[in-house]
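Engineer: build me a structure from this.
(chains A and B)
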Number of protein chains: 2
Amino acid sequence: MEIKVGLLGYGTVGSGVAKILTLEGELLKEKIGRPLKLQAAAVRNLDAERAFPPPPGILTTDPYKIAGNPEIQVVVELMGGIEPARSLILRALESGQHVVTANKALLAEKGDEIFQAARKSGRELAFEAAVAGAVPVIRTLKEGLAANRVQSVFGILNGTTNYILSAMTQDGTSYGEALAAAQRLGYAEADPTFDVEGLDAAHKLVLLTALAYGTLPKVEDVHAEGITGLEPTDFAFARELGYVIKLLATAALSPEDGGVEARLHPAMIPRGHLLAGVSGAMNAVMIRGHASGDIFLSGAGAGMMPTASAVVGDIVDVARTGKNGSSPFRPSLGWHSLKAGGVRDVLETRTAHYVRFSVSDRPGVLSAISGAFGRHGISIARVIQKGRDPKSGAVTLVLLTHRAMERDIRKALEETAAFEALTAPAKRIRVEELSLPE
Amino acid sequence: MEIKVGLLGYGTVGSGVAKILTLEGELLKEKIGRPLKLQAAAVRNLDAERAFPPPPGILTTDPYKIAGNPEIQVVVELMGGIEPARSLILRALESGQHVVTANKALLAEKGDEIFQAARKSGRELAFEAAVAGAVPVIRTLKEGLAANRVQSVFGILNGTTNYILSAMTQDGTSYGEALAAAQRLGYAEADPTFDVEGLDAAHKLVLLTALAYGTLPKVEDVHAEGITGLEPTDFAFARELGYVIKLLATAALSPEDGGVEARLHPAMIPRGHLLAGVSGAMNAVMIRGHASGDIFLSGAGAGMMPTASAVVGDIVDVARTGKNGSSPFRPSLGWHSLKAGGVRDVLETRTAHYVRFSVSDRPGVLSAISGAFGRHGISIARVIQKGRDPKSGAVTLVLLTHRAMERDIRKALEETAAFEALTAPAKRIRVEELSLPE
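Structural biologist: Numbers count the residues shown, from 1 in each chain, chains lettered A, B, ... in the order given. Model prediction:
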């Protein structure tokens, strides 16, 4: 008997899902052992234009004709946002339906409730498309690396910001120019805040932290910095120092004491590393397992068909394992043992740093700055001083520090901020070597 | 109740598997819902030294105390080679045991028989460790990309050859020097034939072809060239042309007519591509799905713990899904619908080419060579001519061709081989742009 699928939402990704379900029916049937049928799709506006025309008669404006309908076995939530997506997913799980969703905001904000509902219902909750689109990150963390203690997960999780940073790296353009180009090409929204301030990537980071460490942090506890403050000068210095600047999401056990860290911020990473080669709107994740070593995954993190690929991959999985599928339910690895839990305060995390000062060209400045760093226990690995800028008369001074506690870096920066010799606020960017721990 | 695991073989990988099963018992129990127990391990020599000492009382010299023993639910075959591995796996499947294996040679040579036995038994046959070690390539092809028609799979599947090629690229050393260094560092065997002639990678390519296209080619039908003929000059030209030379495995649908191609040979690939950044003994695979776009996976392709990571990942999967596990059997995607089938004759495959000629410096040589290519329908994209070598008096002439049929390239090379002006046999290396099809 066929397995019936209902879509909540039929926008870009919904169109892609409908396209695959409609055009690849034979392929999917062969993989599942039974046909999949796209039974219904709930939308707000019946007459909107769609990238793939819905099969006749499937549209409805009442999502509760799908969520809670016992004739539909798999509910695919593609509306985004918190409500009504949350209520509909809870209703579906309570009614014994399996749920596939791409909704990272909902899972990151309300994961406790949703994961618990899935556990209670004994139904599958699949969300490969919520992180890095078509890249099988969730599956790899849950299954492929099941034998590993995860030491760290580094990710490039937002295509918009990676597009902008790639342009700034390759063409030396300003943030504003790169953003405008990204907007022209459809890689950035008219209001890009959600992407460029790091909120989208922070949601995904919450989910990766949950899968890697069994603890679901609150979004507001995850330190998230965006890319709006980055300047072309810093990209030039990065190149000179052998680095590339990426918006890097990190979920990791502190090498010092094993605490769980989750933070998102621009970072200089070594130019020769695979993550540095992830350009344009691509996403990537590097997972370090205690046995596997570094596993690197990359691909399209968004877009109609790549996201639909991940969603339909989940539908196939659920259909094969669900109680109405060819074999009984197999609960997901990973989130079923999720504990509520926090992550370390960012003040207590350690990284190396790049710090750029603009100072007036007078004796003793380097000594004063390095003195302030020394007083806070930060040791300096490298100094670059550039000749006087003929226009401003300022001198650029770049320090690379060894790994230091965030709290100490902030104190040192506060102290130096009061120096009269500073002609502009210091810029700092974390440095992540990504090398295997000694 | 605990799930009992038996190992066939307790060498390097077996030691790694035993180490994870012994030291990570709590982690594995949490993921499976029940404890795993390493019940027995069959070895040839009870007294050999092992990288991880076996728990007391588990060693036996009789593998049939494991294969066919109803008290053991999961049989892990790590002996390698065809016999007795083949008979033991068949015995295990017939007896209702699940099988995990890392044995690419066996699956590639005897896959028809083994896969059929698994199908018949309704038991799981898992082999993530057989290709690219800890990198979840099999899982991604089977599950993550289940919604996709696979257009191509490009892979760097052998760590030894990638180590040698990386050294030749970075240091400009000869093949012999790089091989000697790889042997000193343990990346190459004393007799490196199996790796450097491409046999190991060809076995893995057979398995990737089976998973991508549902057809299991015979190993001898897969065109396999090794790396022993590569010269430093060609690495220098590759750099000049913006390429890197890799031993590239390709399973792909011909863009011209949709036939399945499977071939392994050195190839020049664009220096900026992620695959070009895979250095040292790493492995990588790039899978192009019709919906997903390019998915790139990389990591350690061999070694005790990375391979054990993949093996134990499979054990967890089997233990969770097996009939004695926490939920019933779920047959693997991919091979269950495998059809016997062939791949296209290499003479009928198309790629672009780099061809290097050494010729005496006399008029008309370029015209004669390019004439021969033209007569066989091969169009030339670029020519580089280097000034006369003061020692030999020879001139180096490099042609880059557009995509051309292998049969035609061979005819053109045969024809030019007869030219008196040639001072050495021509060298040719395929060129693979790896770009998305237009």
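
Engineer: chain center to the host helix or strand of residue A:298, what's the gap?
Structural biologist: With secondary structure defined by DSSP states H and E, residue A:298 is part of strand A:293-300. Centroid displacement of strand A:293-300 relative to its chain, using CA atoms, centre = their mean, to the nearest Å, is 13 Å.

Engineer: quick one, the following helix or strand past it and strand B:293-300 angle?
Structural biologist: Elements were assigned by DSSP H and E; along the chain past strand A:293-300, the next helix or strand is helix A:304-321. Put simply, helix A:304-321 runs at 70 degrees to strand B:293-300, going by axes from the mean of the first three to the mean of the last three CA atoms, to 10 degrees.

Engineer: what strands flank the strand holding residue A:298, and is each parallel or antiparallel?
Structural biologist: Under the criterion DSSP bridges, strand A:293-300 sits next to strand A:282-289 (antiparallel), strand B:293-300 (antiparallel) in its sheet.

Engineer: just send those back as a markdown table, with mean neighbour count, distance to residue B:170 and mean pLDDT too.
Structural biologist: (Glycine included, C-beta is placed from N, CA and C.) Formatted as a markdown table, the strands paired with strand A:293-300 follow (neighbours: other CB atoms under 10 Å in any protein chain shown; distance: least, CB to CB, whole Å; pLDDT from 0 to 100):
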| stretch | mean neighbour count | distance to residue B:170 | mean pLDDT |
| --- | --- | --- | --- |
| strand A:282-289 | 26 | 22 | 97 |
| strand B:293-300 | 25 | 18 | 97 |
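
Engineer: can you say which of those is nearest to residue A:267?
Structural biologist: Taking CB to CB, strand A:282-289 is the member of the strands paired with strand A:293-300 nearest to residue A:267, at 12.6 Å.

Engineer: just the CA trace of the closest one, in CSV.
Structural biologist: As requested, the backbone C-alpha atoms of strand A:282-289 are provided in CSV (Å, rounded to 0.1, in the frame of the first residue of the first chain):
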residue,chain,number,x,y,z
MET,A,282,28.4,26.6,-0.2
ASN,A,283,28.1,25.1,3.4
ALA,A,284,30.5,22.8,5.1
VAL,A,285,31.1,21.0,8.3
MET,A,286,34.2,19.3,9.8
ILE,A,287,33.5,16.8,12.5
ARG,A,288,36.4,15.5,14.6
GLY,A,289,35.7,12.1,16.2
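
Engineer: roughly how far is that strand from the heart of the chain?
Structural biologist: The chain centre lies 10 Å from the centre of strand A:282-289; the measure is CA atoms, centre = their mean.

Engineer: try stretch A:391-399
Structural biologist: Its chain's average C-alpha position is 35 Å from that of stretch A:391-399, according to CA atoms, centre = their mean.

Engineer: what's the answer for stretch A:159-176, then?
Structural biologist: Here stretch A:159-176 is found 18 Å from its chain centre; the criterion is CA atoms, centre = their mean.

Engineer: what do you get for stretch A:83-103?
Structural biologist: Its chain's C-alpha centre lies 22 Å from the corresponding centre of stretch A:83-103 when counted by CA atoms, centre = their mean.

Engineer: show the end-to-end separation of that stretch, please.
Structural biologist: 11 Å (CA to CA, to the nearest Å).

Engineer: how about stretch A:172-192?
Structural biologist: In terms of CA to CA, the two terminal residues of stretch A:172-192 are separated by 21 Å.

Engineer: same check on stretch A:254-267?
Structural biologist: For stretch A:254-267, the first and last residues are 17 Å from each other (CA to CA).

Engineer: so for that stretch, what's the average pLDDT?
Structural biologist: Mean pLDDT, stretch A:254-267: 91.

Engineer: centre of the chain to that stretch, how far?
Structural biologist: Computed by CA atoms, centre = their mean, the separation of stretch A:254-267 from the middle of its chain amounts to 15 Å.

Engineer: buried sites along that stretch?
Structural biologist: Of the residues in stretch A:254-267, those buried by neighbour count under the rule 16 or more other CB atoms under 10 Å in any protein chain shown are A:260-267.

Engineer: also stretch A:345-355?
Structural biologist: Judged by neighbour count (16+ other CB under 10 Å), stretch A:345-355 contains these buried residues: A:346, A:349-355.

Engineer: same check, this time on stretch A:82-100
Structural biologist: A:84-86, A:88-93, A:97-100.

Engineer: just the residues you listed now: which is nearest chain B?
Structural biologist: The shortest approach to chain B among the buried residues of stretch A:82-100 belongs to residue A:100, at 11.5 Å (CB to the nearest CB).

Engineer: on the three-state scheme, the closest one is what?
Structural biologist: Three states are possible here, and by DSSP: H, G, I helix; E, B strand; the rest coil the one that applies to residue A:100 is strand.

Engineer: next SSE downstream of the helix or strand of chain A with the lowest mean pLDDT?
Structural biologist: The helix or strand of chain A with the poorest confidence is strand A:339-340; it has a mean of 58 (mean pLDDT, DSSP states H and E). Proceeding C-terminally, strand A:339-340 gives way to strand A:350-360 as the next helix or strand, assigned by DSSP H and E.

Engineer: any idea which helix or strand comes after that following strand?
Structural biologist: Moving on from strand A:350-360 towards the C-terminus, the next helix or strand you reach (DSSP H and E) is helix A:365-375.

Engineer: and that following helix, what does it pack onto?
Structural biologist: Packing contacts for helix A:365-375, counted by 3 or more CB pairs under 8 Å, 6 or more residues apart in numbering or on different chains; DSSP states H and E, involve strand A:350-360, strand A:380-386, strand A:394-401, helix A:406-417.

Engineer: select, out of the ones you listed, the one closest to chain B.
Structural biologist: Closest approach to chain B among these (CB to the nearest CB): strand A:350-360, 22.7 Å.

Engineer: state the mean pLDDT of the closest one.
Structural biologist: Strand A:350-360 shows a mean pLDDT of 96.

Engineer: tell me the angle that strand makes with strand A:380-386.
Structural biologist: Using the same axes, to 10 degrees: strand A:350-360 against strand A:380-386 is 30 degrees.

Engineer: neighbouring strands for strand A:350-360, and are they parallel or not?
Structural biologist: Strand A:350-360 sits in its sheet next to strand A:394-401 (antiparallel), strand A:404-405 (antiparallel), strand A:422-431 (antiparallel), going by DSSP bridges.
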